[in-house]
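[1] I'd like to go over a predicted model; first the sequence, then the structure.
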Amino acid sequence: MTTRSAHGSSSPCSGETIEVRRFTEGDSAEELTRLLRRAYSEHAAAGRVFFASYQSIEDTATRVGRGECWLALHETEPVGTVTVAAPHEVPEGYPAPAGAGSFWQLAVDPGFRGTGLGHRLLTLAEERIVALGSTVAVIDTSAEAIELVGWYRRRGYVPVGTWHWDVTNYQSVVLLKNLVV
């Protein structure tokens with residue numbers, strides 16, 4: 001699948017094709033890690049230690065291996081990604097219904113923000129969750145990331161609880177969306 005920017009010429013990918021495809025054995029976990037660090041650098045600068053802002057290449061490979069990883073490529077450079085799983089295993093006490101799907105490492109290179117790529121990857125994640133057999137998506141993000149929480153809420157996600165991961169320095173808000181109406 002491919003997508004084109006919906007915005008004017010000020011966008012870095014205006015009029016240029018972005019290829020979205022599955023991460024394959026030949027793709028680089030190192031390049032993906034660099035993308036994740038770029039994408040999450042603003043959170044890190046704000047003092048929010050998202051795991052993706054500092055994870056190792058090995059961590060990236062492990063997280064990719066827990067689901068379907070999708071890449072958005074501009075020419076051959078990764079500029080976006082999301083990893084999806086359904087059902088998604090969560091720790092005891094995590095506020096999610098049994099069988100829910102999830103996605104993580106949703107990231108867009110800062111130079112490609114505002115092009116609709118993040119929404120495109122979110123839509124892909126939701127479609128894949130349904131195709132994998134779940135009717136609900138559950139995610140979490142920093143409760144301090146007000147803009148990001150608002151972005152998810154505008155796309156139909158509702159808060160259902162909180163969680164604290166031992167690899168972050170913040171309380172997460174857990175968000176849920178029913179995908180099949």
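    Good, I have the coordinates.
[2] excluding its backbone neighbours, what's nearest residue 119?
    Spatial nearest neighbour of residue 119, excluding adjacent residues (C-beta to C-beta, 6 or more residues apart in numbering): residue 155 at 7.5 Å. In short, each C-beta sits where N, CA and C put it, glycine included.
[3] That neighbour contacts residue 125, doesn't it?
    No. Using C-beta atoms under 8 Å, residue 155 makes no contact with residue 125, being 10.9 Å away.
[4] what about the two, which has more around it?
    Counted by other C-beta atoms under 10 Å, residue 155 and residue 125 do not tie: residue 125 has more neighbours, with 25 against 14.
[5] List the contacts of the more buried one.
    Contacts for residue 125 were tallied using C-beta atoms under 8 Å, 6 or more residues apart in numbering; they are 70, 82, 84, 103, 106, 137.
[6] what does the strand or helix carrying the second one contact?
    Right, residue 82. Per DSSP states H and E, residue 82 falls inside strand 77-85. Applying C-beta under 8 Å, 6+ apart, the external contacts of strand 77-85 come out as 13, 18, 20, 23, 27, 31-32, 35-36, 63-64, 66-73, 101-109, 111-112, 117-118, 120-122, 124-125, 128-129, 132.
[7] I appreciate the help and will end here.
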